[in-house]
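Novice: when you get a sec, could you give me coordinates for this:
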Amino acid sequence: MVQTYQSPVRVYKYPFEIVMAAYEKRFPTCKMIPIFLGSEILVDKKSPDGAIHFVERRCKLNVDAPYLLKKIAGVDHVYFIQTNNVNWRERTLKIEARNESFSSRVHILEGCVYSVHPENPNWTCFEQTANLEVKSFFGFENTVEKVAVKQYANNIKKGKEILIYYINEVLEEREKAGEGPILTWSQTHPEEDLQKVCTELNGTLRVSTPDTVPSTSNQETTLLSPSTETIGSQTRTRLASSVKENGGATGGYDDDGAVSKVDEEYIARFLGDLSPLQESKLIELREWLSDTHKEKVKMPHDAHLLRFLRARDFNTEKAHEMITASLAWRKQLKVDQILRTWEPPELLTNYWPGGWHYSDIDSRPVYVLKLGQIDVKGLMKAVGEENILRHILSINEEGIRRTEEATRKTGRPISDWTSVVDLEGLSMRHLWRPGIKALLRIIEVVEANYPETMGKLLIVRAPRVFPIIWTLISPFIDENTRQKFLIYGGKNYLDHGGLPDHLEEQYIPDFLGGDCFCDIPDGGIIPKVCYRSLDDILSPDEHLLCSDTVYKSATLMKGQPAEVLVKISAAQEVLTWDFDVLRGDVIFSVLFVNKPIHHPKETPGLLGNTIYMDKTMVSGVDYRIIESSLVCKAGESIQGSHVCQYHGNYILQWKYYSPMAAATASTKGHHHQNKSKVMFFHEVLDSDNFR
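Specialist: Sure thing, here's the model as predicted:
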C-alpha cells in the first residue's frame, strides 16, 4: 500500500534568491544534518540563457535504523538520487528525490517546491510531499515503514531550522562584503519579452526545456509554483492565513474563486501544535473532501476537520467516512441554518436549566447545566424529543461559533468548550426509561457530528444515584470524551482541585457558592396541562431530525381504537408501557392473540390508527385479556408491565371511553368531546434487565 504524506506550506520571510543561496550551502555536505554524509554531482546543465539550471546528485545517508535491520540488510548506508530544477525566471525550485538502495523492495519518492509567496514577492514558500511503498523487506516491512515515516517527520521538523541558519549566514556574509540584495532575473534582464518565452497550456504556465537540459519526466518541465497567476486568468492560489473563513462548522472561505493552501502560520494561529504527520493527515483529508464534496456541500472548516481526525486517531479513511456521513446529515436536515431559522418553544426556553456563562481559565467557552432540575419526562411530553434534539444541536452550533470567537479574541486556537453540570436534585425519577432511551439517541447524534468539542465536563454535587445513571450511559460515550469527565461529590468542588482550578473565582456561579450571577432558568416540574401530542408539537412541513421518536400519539373515537402489536420472542420477557391521556377518557387493555396476525388495517377517516383485532375474533378462543381493562381519565399518566408467560403476539389496545351520561343531547355540536388522545411508549426487556 502506498502511503502519502504532505506538509503544510512553510513561509520564509526572505526573497527567493537569498533562500536559494542558503539552500546551496547544504552541499556537498551539511554539518547540521548528521545523517547526510555527502553527495556527488552526476549531471549539471543549464539552458543557453542560464534561466534554468538542472542538477542531479547521488546522496549518501546514514539512516537512523535499528542495528539488527542494518545487519540483515547488509548495509550501513543508503543512497538517494536527488534532482534539482531551478528556474530563475519564474523563481521556483523543484526537487525530486528517490531511493537508489533497495529500490526493488522499497519505493520512496519525495518532492519539494520552493516558490514566491502569492502575496509578497519578497517571501518564499516551501511545500513538501512524500510517497512510500514497502513491497518486501526480509519480513521487516512494518519496521522499515516506521523508520521512513520517522525520518520524514524529522526532516520536516529540522528543515526550516537548518535553512534559517544558512539564510542568516548568507546575509552576514553579504553584509560583511558590502553587497546589496541579490537581483532577480527580471531585474537583470529587463528587456526580456516574457510572451516569447512563456506559453500557456491548459491554464498552466510552462517553460520549454532545451534539449541540453535533461528532464525527469516529460519533454518539458512544469515550473508552475503555488503562487503563479496564470496569464489571462483570474485563478490563483492563496494561503489559508490570508483568507477569511466564515463562521460555524462549515461555510468555506470568504473569498470568491480563491483556492487556499494550508500554511504553517495558519496552523499555529488557528489549529494549534500539530506533529508533521498530523499536519499531513489534515491536508490529505482536506484535499480528499475538496475533490469529492466541494460541489455537493459546504466545505467544513479546518478546525472542524481536525475534530474528526482526532476522534479517529488521525486515521484518514475513518475520519473521511465519519465526516462525509456528518456532512450529508447536515445538508439533509439543514443543520447549518439552525441558529438563524429555529427558535425554541417558549416552554423549552423557560424550563431548560442551562446556558452559556463566560469562559474558563483557558479561555474556553463555558456551558452551565442544572441537570438535576430537568424534568425530562415533562419536556418530552410537552415539547417532544424533536425539539429537545434541535435545542441541543443549537447549543453545539453556538458552541462552535463561540470557540471561533475565542480563537480570534485570544490569538490562539480554541476548538472546544467546558461544561459545568450540577446534579443537585438528581433522583430516581431521572432513571425513567423513555428518558434514558431518548438521551442515548441524542448522545449518539452528538458523538457522530460534534466530536472532540468537549474540552472538560465538570460534574458537581453528584448524588448517590449518579453511579447507576453513569453505568447506563457511559458505554455510549466515546472513550476520549469519558476521559474529560471530572466528578465531584458533596461540597468538595469548591476546594483545591475543584472548580477554582478550572474557573476564575469571579466567574463561579452563585448557585454553586460563587459570587457570579448566573442567568439561567431554574428548571422544575412542567405542569401536565402543558403536555401535548406529537401532532400538536410538530409542524407538517418541518424536516424531522428524529425519524422515529420515543413517544407516539394516537387519537381515538368510538369504534376507532389504536393498537400496537408487540412480538415476544421468549417466555419471561417483560412488556412495559408508559402513556398519558391528553384528552378524554380511554380504556386500556393488554391482549394475547392465539391465532396468526394478518396485515393490519387502518381505520377510515382522518385518524389512520392501526388495528389488528378483527370483529370476528372471539374472546377466550382467538385471544384473551391478560391485563384487566383499565379506565384511564384525562390527564392521567399510566405506567405498567407484564411478565409474558408465552412467546407470541401481544397487543396494547386503547379505546375511546365515554360514560352513558356523556351521550346526551347537550354534547351535540362539541365534536372534540367525542375524541380521546393518548401519547404512549412501550418496550420489551429481558427479565434480567427488568428492575
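
Novice: when you work out contacts or count neighbours from here on, use the C-alpha atoms and nothing else.
Specialist: Noted.

Novice: distance check, residue 473 against residue 379.
Specialist: 19 Å (C-alpha to C-alpha, to the nearest Å).

Novice: also residue 109?
Specialist: 60 Å.

Novice: who has more neighbours out of residue 473 and residue 379?
Specialist: residue 379 (22 against 14; other C-alpha atoms under 10 Å).

Novice: what about the more buried one, distance to residue 639?
Specialist: Taken as C-alpha to C-alpha, the span from residue 379 to residue 639 is 17 Å.

Novice: check residue 318 too.
Specialist: Relative to residue 639, residue 318 is positioned 43 Å away (C-alpha to C-alpha).

Novice: where are the low-confidence patches of the stretch 551-691 of the chain?
Specialist: 598-608, 660-673, 689-691 (pLDDT under 70).

Novice: name the nearest residue to residue 363, ignoring sequence neighbours.
Specialist: Excluding the flanking residues, the one nearest residue 363 by C-alpha to C-alpha, 6 or more residues apart in numbering is residue 406, at 6.9 Å.

Novice: what does the one you found show for phi and psi?
Specialist: phi -70, psi -40 (degrees, to the nearest 10).

Novice: that one: neighbour count?
Specialist: 19.

Novice: which ones are touching the closest residue to residue 633 other than its chain neighbours?
Specialist: Excluding the flanking residues, the one nearest residue 633 by C-alpha to C-alpha, 6+ apart is residue 585, at 4.6 Å. Contact partners of residue 585, counting by C-alpha atoms under 8 Å, 6 or more residues apart in numbering, are 631-634, 656-658, 676.

Novice: pull the longest strand from the chain.
Specialist: Secondary structure of the chain per DSSP state E: the longest strand is strand 120-134.

Novice: buried residues of it, list them for me.
Specialist: By neighbour count on 16 or more other C-alpha atoms under 10 Å, the buried set for strand 120-134 is 123-130, 132-134.

Novice: possible to save these as JSON lines with distance to residue 149?
Specialist: As requested, the buried residues of strand 120-134 are arranged in JSON lines below (distance: C-alpha to C-alpha, whole Å):
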{"residue": "123", "distance to residue 149": "29"}
{"residue": "124", "distance to residue 149": "26"}
{"residue": "125", "distance to residue 149": "23"}
{"residue": "126", "distance to residue 149": "20"}
{"residue": "127", "distance to residue 149": "17"}
{"residue": "128", "distance to residue 149": "14"}
{"residue": "129", "distance to residue 149": "12"}
{"residue": "130", "distance to residue 149": "10"}
{"residue": "132", "distance to residue 149": "9"}
{"residue": "133", "distance to residue 149": "11"}
{"residue": "134", "distance to residue 149": "12"}
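
Novice: what strand or helix carries the residue nearest to residue 519 when sequence neighbours are not counted?
Specialist: Nearest in space to residue 519, with sequence neighbours left out and distances taken as C-alpha to C-alpha, 6+ apart, is residue 355 at 7.8 Å. Using DSSP states H and E, residue 355 maps to strand 354-359.

Novice: and that strand, which strands flank it?
Specialist: Strand pairing for strand 354-359, determined by DSSP bridges: strand 365-369 (antiparallel).

Novice: using PDB, list the CA coordinates for the partner strand.
Specialist: Extracted C-alpha coordinates of strand 365-369, given in PDB (Å, rounded to 0.1, in the frame of the first residue of the first chain):
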ATOM      1  CA  PRO A 365     -16.500  29.000  26.500                       C
ATOM      2  CA  VAL A 366     -18.400  27.600  29.500                       C
ATOM      3  CA  TYR A 367     -21.800  26.000  29.400                       C
ATOM      4  CA  VAL A 368     -23.700  25.500  32.700                       C
ATOM      5  CA  LEU A 369     -26.500  22.900  33.000                       C
END
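
Novice: what is the mean pLDDT for that strand?
Specialist: Across strand 365-369, pLDDT averages out at 98.

Novice: returning to that earlier point: if we only consider the contacts of residue 585, which is nearest to residue 534?
Specialist: residue 676 (14.2 Å; C-alpha to C-alpha).

Novice: now do the SS call for residue 412.
Specialist: With DSSP: H, G, I helix; E, B strand; the rest coil as the basis, residue 412 sits in coil.

Novice: mind checking pLDDT for it?
Specialist: 93.

Novice: with adjacent residues omitted, what lies nearest to it?
Specialist: Counting by C-alpha to C-alpha, 6+ apart, residue 269 is the residue found nearest to residue 412 once chain neighbours are left out, at 5.5 Å.

Novice: my read is that neighbour is in a helix, agree?
Specialist: Yes. Assessed with three-state DSSP, residue 269 lies in a helix.
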